[in-house]
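Visitor: structure of the sequence below:
(one chain, ligands or ions: 1)
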Amino acid sequence: MPACGKSKLARLERVDTVSTMIETSFDVNTRTTLNQLGERVLGGGQILRAEAEWIFELTATPDVYDLMAWANRIRERFKGNKIHLCSIVNAKAGACSENCRFCAQSSFYQTGSPRYGFVDPEPVLEASEEAQRNGVTALGLVAAWKGLSEGPILDEVCERIREVSEGGKVRADASLGIIKNQSVATRLKEAGLQCYGHNLESSKRFFSNHCTTHSYEDRIETIRLLKNAGIKICSGGIIGMGETRADRCDLAFSLREAGASVVPINILNPIPGTPFETMPPLPPIEILQTIACFRFILPRQEIMIAGGRTANLRDMQSMVFMAGASALMVGNYLTTMNQSVEKDLQMLKDLGLDPNWEDHDFSDSQSCDRSRSQG
Ligand code: SF4
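Guide: Sure thing, here's the model as predicted:
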């Protein structure tokens, strides 16, 4: 097993390398350890908790670039050059009863975010047509409320899902909050829902720092009920809320344990009027490092870069794929603007990546190896 404790790292020899242009240095033992971890994950093995903590704690930029290079290889091994694209449509906006401190749609904060009730069929069908035109695989119906229970709203939700599913233009996904009854999950499945978005948001330890109106356990239980119904899980979190690197590591392991197939990473985009409005932004290199660490821990899952990427990464957005990301949320987010879909598609084309994934198959099984299956 590679040496990976901080105390061991402190004793490591540093080696200077000089190029004609710049002088840099790297830690030869760190490089060896990264090579060993990378080879193991590429070979189908798993990274251990202590090893994952160590890669999250790397701080020297050359080490982070090494980490990213391995994460990129792992992405290529398990995902090939396919990039999974998702879009969302806000099916019910604002006035949410929950107090998530990052969210413009919470009724606890004055943000000027739009408010409307559950949408009619037309805007959803238009969104699915637009998504198909853009080569997007899935459209998620997202609602700003605490959750979903049996009743007339569930009937309406199922009707919208059925319309998208039977329309055949995109996969019908949804993110509709907390579910407490198996019957609700089963009805969503019967309506044609394939994947449900339900972020854990952060580590169990950090959760009460951003939400107190529902619990981390409520979210875990929702995921359990959805999985019981045969629905795939899209679950990730938000970074940049003041959590530690160890919290991010916990989140990645919790998502592995919860069986998430798609793992969105959102980067806090502080919304004026919310308690997090003055939160300092994460350095872009730390964001890329987080993505790379998630790829090491979740080698076969879709790691999707979602909200906050344009605001936080700016010109470094294209580097998310070199850090191991394999999916992208395109189009506008719920309350903030994204760069245009055309620009995203051009970025993928320039990188030699293929967004056309009509038969996206949630290929997170142990047997998946895209690079081999593509010859
Ligand atoms: S994140 Fe979701 S549950 Fe939390 S306040 Fe916003 S809309 Fe409501």
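
Visitor: quick check: the residue of the stretch 201-350 of the chain nearest the ligand.
Guide: Shortest the stretch 201-350 of the chain-to-the ligand distance, computed as C-beta to the nearest ligand atom: residue-wise this is Cys211, at 6.5 Å. (Glycine included, C-beta is placed from N, CA and C.)

Visitor: where do the strands sit along this protein?
Guide: Counting by DSSP state E, the segments of the chain that form strands are 14-18, 23-27, 84-92, 138-143, 147-148, 171-175, 178-179, 195-197, 232-234, 237-239, 262-267, 302-305, 327-329.

Visitor: and of those strands, who's closest to Gly38?
Guide: Taking C-beta to C-beta as the criterion, strand 23-27 is the member of the strands of the chain that comes nearest to Gly38, at 15.0 Å.

Visitor: average pLDDT for that closest one?
Guide: For strand 23-27, mean pLDDT rounds to 53.

Visitor: now swap in stretch 329-348 and tell me
Guide: Stretch 329-348 shows an average pLDDT of 76 in the prediction.

Visitor: in the sheet, who's paired with the spatially most central residue of the chain?
Guide: Centroid check for the chain by C-alpha atoms, centre = their mean gives Pro264 as the closest residue, at 1.0 Å. The bridge-partner assignment for Pro264, based on DSSP bridges, gives Met304.

Visitor: scan the protein for its longest helix.
Guide: For the chain, the helix reaching the highest residue count under DSSP state H is reported as helix 61-79.

Visitor: now for Tyr216, how many residues are close by?
Guide: The criterion is other C-beta atoms under 10 Å. On that basis, Tyr216 has 18 neighbouring residues.

Visitor: for it, give me its contacts.
Guide: Contact analysis of Tyr216 by C-beta atoms under 8 Å, 6 or more residues apart in numbering lists 200, 204, 207.

Visitor: rerun at 10 Å
Guide: 200-208, 254 (C-beta atoms under 10 Å, 6 or more residues apart in numbering).

Visitor: please identify which pair of these lies farthest apart.
Guide: Comparing every pair within those by C-beta to C-beta identifies Ser208 and Ser254 as the most remote, at 15.3 Å.

Visitor: so which of those two has more stuff around it?
Guide: Neighbour comparison, Ser208 and Ser254: the larger count goes to Ser254, with 19 against 11 (by other C-beta under 10 Å).

Visitor: that one contacts Ile220, correct?
Guide: Yes. Ser254 lies in contact with Ile220 (C-beta atoms under 10 Å); the separation is 8.1 Å.

Visitor: hey, what's in contact with both of those two?
Guide: Taking C-beta under 10 Å, 6+ apart as the contact rule, Ser254 and Ile220 both touch 200, 204, 235.

Visitor: thinking the second one is in contact with Leu255, fair?
Guide: No. Using C-beta under 10 Å, Lys204 is not in contact with Leu255; the gap is 11.8 Å.

Visitor: follow-up on the earlier one: so which of the shared contacts of Ser254 and Ile220 also contact the ligand?
Guide: Of the residues in those, proximity to the ligand by C-beta under 6 Å from any ligand atom holds for none.

Visitor: from the residues you listed, which land in helices?
Guide: Secondary structure of these is defined by DSSP H; no position falls in helices.

Visitor: dump the residues you listed into CSV; add pLDDT as well.
Guide: Output for the shared contacts of Ser254 and Ile220, formatted as CSV (pLDDT from 0 to 100):
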residue, pLDDT
Leu200, 96
Lys204, 96
Ser235, 96
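
Visitor: scan those and report the most crowded one.
Guide: Each of the shared contacts of Ser254 and Ile220 was scored by neighbours using other C-beta under 10 Å; the highest score is Ser235's, at 27 neighbours.

Visitor: quick check: chain neighbours aside, which residue is closest to that residue?
Guide: Distance criterion C-beta to C-beta, 6 or more residues apart in numbering; nearest residue to Ser235, sequence neighbours excluded, is Ala260 at 4.2 Å.

Visitor: Cys100 against Arg219, yeah?
Guide: No. Contact criterion C-beta under 10 Å: Cys100 and Arg219 do not qualify, at 11.5 Å.

Visitor: give me the common contacts of those two.
Guide: Listed contacts common to Cys100 and Arg219 are 199, 201, 211; contacts here mean C-beta under 10 Å, 6+ apart.

Visitor: how many neighbours does the last one have?
Guide: Same thing as Cys211. Using other C-beta under 10 Å, Cys211 is surrounded by 20 other residues.

Visitor: quick check: the residue nearest to Ser235 touching Gln301?
Guide: Yes. With contact defined as C-beta under 10 Å, Ala260 and Gln301 form a contacting pair (6.3 Å).

Visitor: wait, which of the contacts of Tyr216 is closest to Val124?
Guide: When the contacts of Tyr216 are compared for distance to Val124 (C-beta to C-beta), Glu201 comes out closest, at 25.5 Å.
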